[in-house]
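*Asks:* When you get a sec, could you give me coordinates for this:
(one chain, ligands or ions: 1)
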Amino acid sequence: MIFGAILAGGTGSRMGNYTLPKQFLPLGDMPIIIHVVEKFLVHPKIDCVVIGVNPEWHQYMLDLIEKYFPNQSNLLLVDGGTDRNSTIDHIICEIRKHSQNDDDIIVTHDAVRPFVTVKMISDNITLAKKYGICDTVIPATDTIVYSENHMYITDIPIRKNVYQGQTPQSFQIKLFEDVYHAMTKEELDTVTDACKMFMLKGHQVYLTEGHVSNIKITYADDYKSAQIMLGSMNGEKMS
Ligand code: CTP
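*Replies:* Reported below is the predicted structural model:
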């Protein structure tokens, strides 16, 4: 089976002064997370969608599901963990109650990237089936400057070899379980990205093409950009 995993365990502390975690803020006529969940639910290859939400917002999310997707039998809600990888782990524990197949694929996606496309999800599924693990990226346009001490530059990687990571990130569920459970506590404390975890344990993570429009809403300015982007997309549809 192929599962969509919507990562919504965070509270959006970098957004500043909003009364709701960023995934629940309105974007057009519905909350950001609803745009994301809808994209996964309508995708023809996704069998089931599991949302991992911050436990304090569990009831709030349940109410949203009731409002936007009533009687949707292939949509599950679980409590997220204390970090992003443990939210994925909680989602996988829920999935295992329903399916024990080691070939199952999970397509994980940030609840705050509302402009994910059908093609990105499809490409993720194709690569995860073929290679086991893949990450969505775009080529870096700026020169990336690396500094280990935050005082002076310690490296400038060759730009054509540098990408910016997005989501979805997709993998065979069994591979995630094996790698996650092999991580030490120190590794788990420092590694926030699932693909970094696979790399640490010697796996190859294949690249699939994202898009500049697939932004992550992190700061208030990103939220404003998302509103402008949605407005122009809707304008294009009408004209
Ligand atoms: N996330 C998650 N579980 C966590 C922490 C984060 O599922 N324990 C999710 C977020 O909800 C978000 C995605 O991972 O959809 C990307 O993380 P980020 O943008 O850092 O979100 P927050 O942790 O909410 O933001 P901040 O770091 O500003 O607090």
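*Asks:* on contacts alone, who are the packing partners of the helix or strand containing residue 197?
*Replies:* Here residue 197 sits within helix 194-200, counting by DSSP states H and E. Contacts defined by 3 or more C-beta pairs under 8 Å, 6 or more residues apart in numbering; DSSP states H and E place helix 194-200 against helix 84-98, strand 133-139, strand 163-172, helix 173-182. (Glycine included, C-beta is placed from N, CA and C.)
*Asks:* Is the third one in proximity to the ligand?
*Replies:* This means strand 163-172. No - for strand 163-172, no contact with the ligand is found by C-beta under 6 Å from any ligand atom; the gap never falls below 7.9 Å.
*Asks:* Tell me which strands that strand pairs with, and in which orientation.
*Replies:* Strand 163-172 sits in its sheet next to strand 105-110 (antiparallel), strand 133-139 (antiparallel), going by DSSP bridges.
*Asks:* between those, which gets nearest to the ligand?
*Replies:* The closest of those to the ligand is strand 105-110. By C-beta to the nearest ligand atom, the value is 3.9 Å.
*Asks:* What average pLDDT does that closest one get?
*Replies:* Average pLDDT, strand 105-110: 98.
*Asks:* what's stretch 170-179 in contact with?
*Replies:* The contact list for stretch 170-179, computed with C-beta atoms under 8 Å, 6 or more residues apart in numbering, reads 3, 88-89, 92, 95-96, 102-108, 124-125, 127-128, 132-134, 194, 197-198, 200-201, 203.
*Asks:* Could you single out the most deeply buried of the helices and strands packed on helix 194-200?
*Replies:* Ranked by average neighbour count under the criterion mean count of other C-beta atoms under 10 Å, the helices and strands packed on helix 194-200 are headed by strand 163-172 at a mean of 23.
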